[in-house]
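> structure for this input, please:
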Amino acid sequence: MIIRGVNSQTFIAANLARVEQFYRDHLGLPVVKRSVHHLDEKLATITFGFNSFAGAAPRMETITYIEWNPIFYMVPERGFMEEGQTKQDVASPRAGDPKGRWGAGTNHHLALHVPDRNGLLKWKRRLTDLGIHVTGPYNRNYFHAIYLRDPDGAIIEIATSEPGFGHDEAVLGSGFRKQPKENLIGGRDEFAVAFETWPQPIAAITDDFALRGFHHITSISSDAERTERFYVDTIGLPLIKKTDYLDEKGGTHFYYACHEDLMPGSVLTFLGLPNYKPGRLGTGLAHHFTLEVENDAALDNEHRRLQRAGVPISPVQHTRYTKLFQFRDPDGHICAISTPSDFTVDEPASTLGTTLCLPDHLEEHRVQIERQIAFRPAPTPLLD
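Next comes the predicted model:
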């Protein structure tokens, strides 16, 4: 298999300072980069990583937020995929609501990973005490999970390792697996779920329940079989699970893996909601997720392969910290394939995320860029 894992997920936010407080202070994730978008320096970005733990392999996934701060301008519906179009759209946005709306062709949530159910209950108690609304813990058959929202409304899940994907079939993805009725909407005891939490306050994040990395990324499909053909036949991911969507009668939930050991962080899932209305890109939603290949040669090979398959794709782009190209799935959801990220190219590992890092060609404009980030003026349209 060429794809070797999930590299990152990128969201759109209205206020990066608010997002930083959420991830750093509430969820305990370190900032690993402060910069600007590689396609337009007017878009500030912040990236979060995960801490390492004794006895566990380092997790390299990252969460990036792009700031879109004009209050009465829509996020460009085409997204930020190519430089010329991005600069034009950022300079001359359409009037409207910047808030996103999830639907077919958008993400649904990002799931972060904790080892066990006690960790979920500790997170529920900690976040609830901080004034953040949390639902769950729910039994999702292959894991247990709680749900919350980031400051812009994006859904964040925290999910456990156990019991895993293999407990209900010997050959993963070999057939449709019905969910136990007690897990389905209408069958579970919502009062019992809401009541369960950790008995004592949780003031500090300790290693036993700290977030380990990604668990999975979930998006929405209006045609599960069409999405399956795309990700299995075109992208090359194995389908490891077909089951019910637990929160919508008649919906499906298909799981795809990026490599064979099925470690948390290597899984993409799609909620199949037939003929569901399209979503709208905006704040409170992901812009795209990124799959990772080993090196530049593998990236170039994938770029040529998808071109031959007739997939509309962007040029290969150098972001300073990785190389990538973007494309859309059959519902229009933006995806990317990249090389591994390296955030130490412009600041040492010991001080990652402490300064605003700019590529060399933008250093002469640092004062102007810092003012843009600080004062966040409304866009100025490009002259014809």
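> residue 141 versus residue 182, what's the distance?
10 Å (CB to CB, to the nearest Å). Backbone N, C-alpha and C define where each C-beta goes, glycine included.
> isn't residue 179 up against residue 243?
Yes: the criterion here is CB atoms under 8 Å, and residue 179 meets it with residue 243 at 5.8 Å.
> shared neighbours of the two, anything?
Applying CB atoms under 8 Å, 6 or more residues apart in numbering, one finds that residue 179 and residue 243 are jointly contacted by residue 141.
> looking at those two, which is more packed in?
residue 243 (21 against 18; other CB atoms under 10 Å).
> CA atoms of the host helix or strand of that one as CSV?
Secondary structure assignment for residue 243, by DSSP states H and E: strand 239-244. The C-alpha coordinates for strand 239-244 follow below in CSV (Å, rounded to 0.1, in the frame of the first residue of the first chain):
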residue,chain,number,x,y,z
LEU,A,239,-12.5,-1.3,3.5
ILE,A,240,-12.4,-2.8,7.0
LYS,A,241,-15.9,-2.4,8.3
LYS,A,242,-19.5,-2.0,7.0
THR,A,243,-22.0,-1.3,9.7
ASP,A,244,-25.0,0.9,10.8
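> which parts of the next helix-or-strand element following that strand are buried?
For strand 239-244, the following helix or strand on the C-terminal side (DSSP H and E) is strand 252-257. For strand 252-257, a neighbour-count test (16 or more other CB atoms under 10 Å) marks 252-257 as buried.
> what do you get for stretch 311-327?
The neighbour-count check on stretch 311-327 (16+ other CB under 10 Å) flags 311, 313-314, 316-317, 319-327 as buried.
> which ones among those residues lie within helices?
Among the buried residues of stretch 311-327, no member falls in helices (criterion: DSSP state H).
> just name the closest of those residues to residue 187, please.
In terms of CB to CB, no member of the buried residues of stretch 311-327 lies closer to residue 187 than residue 327, at 38.5 Å.
> quick one, what contacts residue 257?
172, 237-238, 240, 266-267 are the contacts of residue 257 under CB under 8 Å, 6+ apart.
> quick check: closest non-adjacent residue to it.
Leaving out its chain neighbours, the residue that sits closest to residue 257 by CB to CB, 6 or more residues apart in numbering is residue 240, at 4.8 Å.
> can you get me a residue count around residue 378?
With other CB under 10 Å as criterion, residue 378 counts 10.
> I meant residue 95, not that one.
Residue 95 has 8 neighbours, counted by other CB under 10 Å.
> centre-most residue in this protein?
With distances taken as CA atoms, centre = their mean, the residue of the chain nearest its centroid is residue 9 (3.2 Å).
> doesn't residue 107 make contact with it?
Yes: under the criterion of CB under 8 Å, residue 9 makes contact with residue 107 at 7.4 Å.
> so what's residue 112 bridging to?
Beta-bridge pairing for residue 112 (DSSP bridges): residue 158, residue 214.
> strands along the stretch 51-200 of the chain, start to end?
Under the criterion DSSP state E, counting those that start in this stretch, the stretch 51-200 of the chain contains strands at 62-67, 107-113, 135-139, 144-149, 155-159, 176-177.
> quick one, the third one and strand 155-159 angle?
Pointing back at strand 135-139 there. Interaxial angle, strand 135-139 versus strand 155-159 (axes from the mean of the first three to the mean of the last three CA atoms, to 10 degrees): 50 degrees.
> check the first one too.
Orientation note: strand 62-67 sits at an angle of 170 degrees relative to strand 155-159 (the same axes, to 10 degrees).
> strand 62-67 pairs with which strands, and in what direction?
Sheet pairing for strand 62-67, using DSSP bridges, gives strand 5-13 (parallel), strand 40-48 (antiparallel).
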